[in-house]
Each structure stands twice: as structure tokens, then as C-alpha cells.
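test case, fold it:
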Amino acid sequence: MSLKPIGKVSNFANEKTMQLLALWKESVSIVELDQAGSEDFLFDEYSHYMIIHEPLGMEFPQKRDEWNKRFCRDAGISVAELIKADKGRIYFKGLFARRDAPVYGIVPYTSFDKQDADFPDAEMEILKRKTLEVALPEARGKTILDVGCGIGSITLKMARMNPESKVTGIDLLEDTMKQCRLNAVAYNIENLSFKAASVYELPFADADFETVTCFFMLHHLEDIPGALAEIKRVLGAGGKVLAVEPLDHHHGTERGIQNWVDLFESAGFSAQTEQISRAVLVRAGLK
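Model prediction:
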């Protein structure tokens, strides 16, 4: 691109994590301006901006060609929500650009995306909202662990809802955890921390948490009993586990509600379930 950059992107995106664009819709990136102050680009009456940046150096499958058109051709064009600005650093949510990508323009945006655009998978997003409306208010306690937190958007919500609690999120990749920490800084949320760790080997003492959550992640695992054994180890007496799993989306093994009950009870939990649309909410405690 022949345009002159006005700044660059600061985040913890890499080619592997950018494959999951639905996660980056909820993630925060910083546009670090080269010279001009943020007042040259931002206006009080606008909450969203169209950001022109270097395209992603990758190609998504044909069924995701909408993503290719937006982010992978001659330019990357993201419609992002303004979070805050501070001394030449502008924080945006939903900027689909890799770390250090040049930024060429920031323009106020006045309408929402086409409703028929396939970006991201709307059905799963709707299902997550329905289930979390029920599950999140129940995630309470002085210490809360969010297992498989991804980019941390749900973890941040729990921390906001429980300002007196200590909330911890874990997932496998350190770069993803760095991004979670950046998201927390952008929203000024301080009662949480993120660690790169495996659910099969949690870096916490026995009975460390009052509540453990795992939302839409257990079905990805090869060894669910092993994961539940570790979750049980770090759960304190009288504590609870909240898990949400889809019923019509699986990775190799299809499971119904009773299958999830059996897995939890075999791991030493008592389990109650509630079906919410096409998902099951499991409420589990120590036997």
C-alpha cells in the first residue's frame, strides 16, 4: 500500500490466534500514533471508527470469504469500538490487525455492518449470550477461576460483576494471556489476573477457589475426566463448578445431557443440569 502510515497496532495477535476472528471481535488493540494527537481523529459524537490497516498475511477458507474481503486483500478495514484515548494511544475493541501492523487512516463510522454478512458465526454468539445470561450471575465467591478463558471477555465480565472478588483466567498460550491483560488495562479492571496454564496441570494449591467456571471449552478436550480431576482438586469445600456445553456442536464425540452428568459424577461431583436452547448448564459441587 502506498499510503503513509500514521501509526501502528499494538496487541498480542499472531497468525495462529488470528484464525479465531470471533475472539478478536471482543479483544482490545492499541493504535500507537506516530505524531499527531488523538484529537485529530476522534470526535465526541462517534463511538465507532473505520480503521484502515495493513491486511492480514493469510487467507481464510472460501466459506469465510467475507473475512478475506475485509481483512486480507489490498487493505485491512476494521470497524472498531472506541474504548479510550491516552497520549497518542487509542484503544479500540474489534481491530482485526496483527501486532505492529501499520495503520493508514482512522475515520468515524456511522452505521453498523450488513446484517446478512457472515461475520462471525451469529448462531453460536446468540447461544452464548442466552446461556451466559443465566450462568454469569451465579459465578460468585471471593476467588473465581475461569478455565479456558480464551481472549478473556467473559472473565472480564465476571470481574466487573464481582468487584470484591479475585478472578483468575487461564488458557494455554502466553501471548493470549498478554492480550487478556491488555484488555483488562483498557477497561481499568484490576481485580483479576491471567496465567498461561493447562487444565490438566493447574498451577494452584488444593482448594484454592470457591467457584470454577468453564464455558464452551470442555468439549474441546481429549481427556475430560483428567481435566475434571484437576478442577476438583482446586475447588474448595462448599464450592461450585459452572460449566456450559453445546448439545449440537462437538469435536469427535457427541454428548447429550446425561453424558455430561455421568462425566461430572464419575469425577466425584454431584451435578444438576438445565437445558438452555441448544446447550446445557451444569451446576456441580463436591460430593
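
bridging residues for Val244?
Phe215, Leu281 (DSSP bridges).

quick one, what contacts Glu32?
With contact set as C-beta atoms under 8 Å, 6 or more residues apart in numbering, Glu32 has these partners: Gly7, Lys8, Val9, Ser10, Gly88, Arg89. Quick note: C-beta positions are derived from backbone N, CA and C, even for glycine.

could you dump the strand or helix carrying it to CSV, C-alpha only?
Using DSSP states H and E, Glu32 sits in strand 28-33. Extracted as CSV, the C-alpha positions of strand 28-33 are listed here (Å, rounded to 0.1, in the frame of the first residue of the first chain):
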residue,chain,number,x,y,z
VAL,A,28,-8.7,-4.6,22.6
SER,A,29,-5.8,-3.3,20.5
ILE,A,30,-3.9,0.0,20.7
VAL,A,31,-3.3,2.2,17.8
GLU,A,32,0.0,4.0,18.7
LEU,A,33,0.1,7.2,16.7
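
beyond that strand, next helix or strand please.
Next helix or strand after strand 28-33 toward the C-terminus (DSSP H and E): strand 48-53.

and the angle from that following strand to strand 28-33?
If you take axes from the mean of the first three to the mean of the last three C-alpha atoms, to 10 degrees, strand 48-53 sits at 70 degrees to strand 28-33.

number of nearby residues for Asp100?
Residues contacting Asp100 under the criterion other C-beta atoms under 10 Å number 12.

quick one: secondary structure of it?
coil (DSSP: H, G, I helix; E, B strand; the rest coil).

I'd say it and Gly7 touch.
No: Asp100 lies out of contact with Gly7 (C-beta atoms under 8 Å); the separation is 10.7 Å.

how about stretch 5-21: buried residues?
Buried residues in stretch 5-21, counting neighbours by 16 or more other C-beta atoms under 10 Å, are found at Ile6, Gly7, Lys8, Val9, Ser10, Asn11, Phe12, Ala13, Thr17, Met18, Leu21.

farthest-apart pair in those residues, please.
Ile6 and Thr17 (25.0 Å; C-beta to C-beta).

helices of the stretch 151-287 of the chain, residue ranges please.
Per DSSP state H, counting those that start in this stretch, the stretch 151-287 of the chain carries helices over the ranges 153-161, 174-186, 224-234, 257-266.
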